[in-house]
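Q: Predicted model, plus sequence, below.
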Amino acid sequence: MEFLAILIVVLAAFLIFRFFRQRMYLKTLTEDQFREGYRKAQLIDVREPQEFKRGHILGARNIPVTQMKQRLVELRTDKPVYLYCQGGSRAARAAQLLHKKGYKNINVLKGGFKKWTGKIKQS
């Protein structure tokens with residue numbers, strides 16, 4: 001029982017540490033904030049291609065988080081990166097990878113594509 005309590009405390013501490021560390025390099029933007037800046041940035045949809053085809057934000061490029069490491073050459077380090085996925089978790093993983101590779105201006109859409117009310121394109 002004591003081991004379980006220690007394990008829970010350690011896990012909670014790890015999650016809290018990770019949350020605050022992520023906030024140092026990642027900006028989570030509301031839809032309005034996201035709209036203000038994404039046209040001057042690299043807009044990346046990190047969902048899988050079949051999700052992208054069903055609908056995506058107008059002007060977005062599809063680089064799935066599962067391919068991000070192999071496709072980093074497609075992204076510039078000197079321009080802001082705006083990421084989104086369906087709900088936010090994959091975009092956060094992509095942001096972590098980009099941060100490790102030296103990207104500085106990383107932004108994620110709060111709530112992901114499912115909360116987006118702007119223009120979309122469907123293939």
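A: Right, received. Where do you want to start?
Q: All the strands of the chain, in order from the start?
A: 26-29, 42-45, 56-57, 61-62, 81-84, 106-109, 120-121 (DSSP state E).
Q: most tightly surrounded among the ones you listed?
A: strand 81-84 (a mean of 27; mean count of other CB atoms under 10 Å). C-beta here means a position set from N, CA and C on the backbone, and glycine is covered the same way.
Q: From the contact counts, what lies against it?
A: Packed against strand 81-84, as judged by 3 or more CB pairs under 8 Å, 6 or more residues apart in numbering; DSSP states H and E, are the following elements: helix 31-37, strand 42-45, helix 89-100, strand 106-109.
Q: re the thing from before, of all the strands of the chain, which one comes closest to residue 5?
A: strand 26-29 (31.3 Å; CB to CB).
Q: quick one: residue 112 and residue 101, what's the gap?
A: Counting by CB to CB, to the nearest Å, the gap from residue 112 to residue 101 is 22 Å.
Q: And residue 77, by the same measure?
A: 8 Å.
Q: and residue 112 and residue 101? which has more neighbours close in?
A: Using other CB atoms under 10 Å as the criterion, residue 112 and residue 101 rank with residue 112 on top: 20 against 12.
Q: Near the closest residue to residue 102 other than its chain neighbours, how many other residues are there?
A: Nearest residue to residue 102 in three dimensions, chain neighbours excluded: residue 77, at 5.8 Å (CB to CB, 6 or more residues apart in numbering). Counted with other CB under 10 Å, the neighbours of residue 77 add up to 12.
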